[in-house]
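J.: A predicted structure for the sequence below; I have some questions about it.
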Amino acid sequence: MTRFPLPAPAGPHLQTVLDHFPTAVIILNTDFECTYLNKQAAQFTDTAQASGKTLWELLPKMSNSSLEDLVKEATIQQEPLTVDEYFPSHDRWYQLQVLPFTDGITLLMHDYSGDLSQLDQSQNNLKFFRKAVEQAGHALYITDTNGVIQYVNGAAEEITQYTEEELLGRTPKMFNSGVHDDTFYTDLWNTILSGDVWQSEIINERKNGERYIVDQTIAPITDADGAPVKFIAINREITEKKRREQRLSVLNRVLRHNLRNSATVLYGHAEELAQKTSGDVSELALTLRDETRDLMRKGEIVREFDQLLRESNVMENVDLSAVLHRRIKNIQPQADQTDLHIDIQPGLHVRANSDLIAVIFDELLENAIKHNSSSDLTLTVTVQDEAEHVRVIISDDGSGIPQNELQAVIEGEETELTHTSGLGLWLTKWGTRHLGGTLNISSTPVSGTKVVIEFPQA
């Protein structure tokens, strides 16, 4: 192993001591050129002839990094500096001590692996953290304040298609797809350099040129003064999610538009046919007209509900007692053969959106009446104050909901065996969840259906 003599007047005895010193020692002149390298320090470089090489040539990882800035600052200020640094090639942390003198610098590099008691708790847990992030499904990389990548996990290699060797030492500019303008990246850098967290969706490019979309969060790691010293970026790939959303958006728009237009034409022809014919043909035309009208109504409900979900993020104090009284009054013309039992405690307010909550209870009340095959239905509506929540119980003694339909909504997934023929249950579930409430449904052909909804009390 190459060894370089200490500059005069250090003497051979001190050199012998330093050669056997357990800490790596590098002595530099004022130009950051190596004048001494002990045996422990030689492990950091493959340079056979290190004498005269600069610190940045000996340790390329430090070049153009925040560590280089700190070393130079310590030299200018003539103040000792201690910093912890992770070396990926060694898979361990080192404590670097910079001791500036008027005629040069002494750099001590202490290996933490032999004395973990000197690490703080976060560094003690580093090995466990690294195992966790290596197994994480999200791409993660750590950079210095210049954006130079110092660490990547396996998911980052998989998503970007670059190897760890290709990523380390480079910047995330290598992922630039050209989609985002300079303003986007300026905003990103201004945010994280000020110590704030950046979060945004971003379109990047893989090694093979394919574009992909990530939900990106970049958080600064700061020093004791709050100044960023590193950045950690977490990228959750959402490419397939975005593609599904796009497909659903297109299908939703096209089907709604085409369905509405075709149904309108069909409804008009069916009504005209019913008027111009008689007997069985007229009856069939009327059935066709009524079914078409029902289909048009379902399409309108979906359109209105979709719009409500997109626009109902503004929550307000809603008098749930008053809302239910109005909804029940609206269905009474349809419930002429229904025995209504109402027990609504007045003045109960919830935190919700008044339009969406009205649609939810319209669906529940109308469906309880519409889909009941009994001529003497009993429908009970009860509202209870549960301290932090308001509980609404809507129960009937009808024929119940088919188990395959109910199971699909409870499990949140439709299959060939469990699926619904209507939209009411799904709309109710989606709307309740959107408002931060809970929904529970039980139903049997014997006892009927019981729906319990809870909303946070205002």
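T.: On my side now, so go ahead.
J.: grab the nearest non-local neighbour of residue 111.
T.: Closest residue to residue 111 in three dimensions, ignoring its sequence neighbours and counting by CB to CB, 6 or more residues apart in numbering: residue 94, at 5.9 Å. (C-beta placed from N, C-alpha, C; glycine too.)
J.: do a quick rundown of the helices in this protein.
T.: Secondary structure of the chain (DSSP state H): helices located at 12-19, 55-58, 66-77, 121-124, 126-135, 154-160, 164-167, 182-193, 239-276, 279-311, 320-331, 354-370, 403-411, 424-434.
J.: worst average pLDDT in these?
T.: Ranked on mean pLDDT, the bottom entry among these is helix 121-124, at a mean of 51.
J.: what pLDDT does the nearest residue to residue 324 once chain neighbours are set aside get?
T.: Closest residue to residue 324 apart from its sequence neighbours, by CB to CB, 6+ apart: residue 344 at 5.6 Å. Per-residue pLDDT puts residue 344 at 87.
J.: beta-bridge partners for residue 344, please?
T.: Beta-bridge partners of residue 344, counted by DSSP bridges, are residue 383.
J.: doesn't residue 326 make contact with it?
T.: No - using CB atoms under 8 Å, residue 344 makes no contact with residue 326, being 11.2 Å away.
J.: between the two, which one's more packed in?
T.: Legend: neighbour count by other CB atoms under 10 Å for residue 344 and residue 326, higher for residue 344 (18 against 12).
J.: OK, contacts around the more buried one?
T.: Neighbour list for residue 344: 321, 324, 325, 381, 382, 383 [criterion: CB atoms under 8 Å, 6 or more residues apart in numbering].
J.: which of the residues you listed are buried, as a ChimeraX select command?
T.: Those of these that count as buried under 16 or more other CB atoms under 10 Å are selected in ChimeraX with:
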select :321,324,325,381,382,383
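J.: which residues does the closest residue in space to residue 406 that isn't next to it in sequence contact?
T.: Spatially, and ignoring its direct neighbours in sequence, residue 406 is nearest to residue 443 (5.6 Å; CB to CB, 6+ apart). Residues in contact with residue 443 (CB under 8 Å, 6+ apart) are 400, 401, 403, 406, 449, 450.
J.: now with 6 Å?
T.: 400, 401, 406, 449 (CB atoms under 6 Å, 6 or more residues apart in numbering).
J.: out of those, which comes closest to residue 54?
T.: Among the contacts of residue 443, residue 406 lies closest to residue 54 (CB to CB), at 73.3 Å.
J.: report how many residues lie close to the closest one.
T.: Neighbour count of residue 406, defined by other CB under 10 Å: 19.
J.: for the remainder of this discussion, apply numbering that starts at 58.
T.: Okay, using 58 as the starting number, the last item reads as residue 463.
J.: any idea of the pLDDT on the closest residue to residue 264 other than its chain neighbours?
T.: Leaving out its chain neighbours, the residue that sits closest to residue 264 by CB to CB, 6+ apart is residue 218, at 3.9 Å. Note on residue 218: pLDDT of 94.
J.: surely residue 218 touches residue 263?
T.: Yes - counting by CB atoms under 6 Å, residue 218 touches residue 263, with 4.6 Å between them.
J.: ok, residue 116 to residue 139 distance?
T.: 17 Å (CB to CB, to the nearest Å).
J.: neighbour count: those two, which is higher?
T.: Neighbours were counted for residue 116 and for residue 139 using other CB under 10 Å; residue 116 has more, 22 against 13.
J.: now that one: closest residue in space, sequence neighbours ignored.
T.: residue 101 (6.0 Å).
J.: now swap in residue 346 and tell me
T.: residue 327 (3.8 Å).
J.: the one you found: how many residues sit nearby?
T.: 20.
J.: shouldn't it be in contact with residue 344?
T.: No - taking CB under 6 Å as the definition, residue 327 is not a contact partner of residue 344, at 8.5 Å.
J.: where's the residue nearest to residue 232 when sequence neighbours are not counted relative to residue 241, distance?
T.: Counting by CB to CB, 6+ apart, residue 232 lies nearest to residue 261, which is 4.0 Å off, once chain neighbours are set aside. Distance of residue 261 to residue 241, given as CB to CB: 12 Å.
J.: between the two, who's got more neighbours?
T.: Neighbour count, other CB under 10 Å: between residue 261 and residue 241, residue 261 has more, with 23 against 11.
J.: partners of that one in the sheet?
T.: residue 233, residue 269.
J.: which residues sit in contact with it?
T.: Residue 261 touches 232, 234, 269, counting by CB under 6 Å, 6+ apart.
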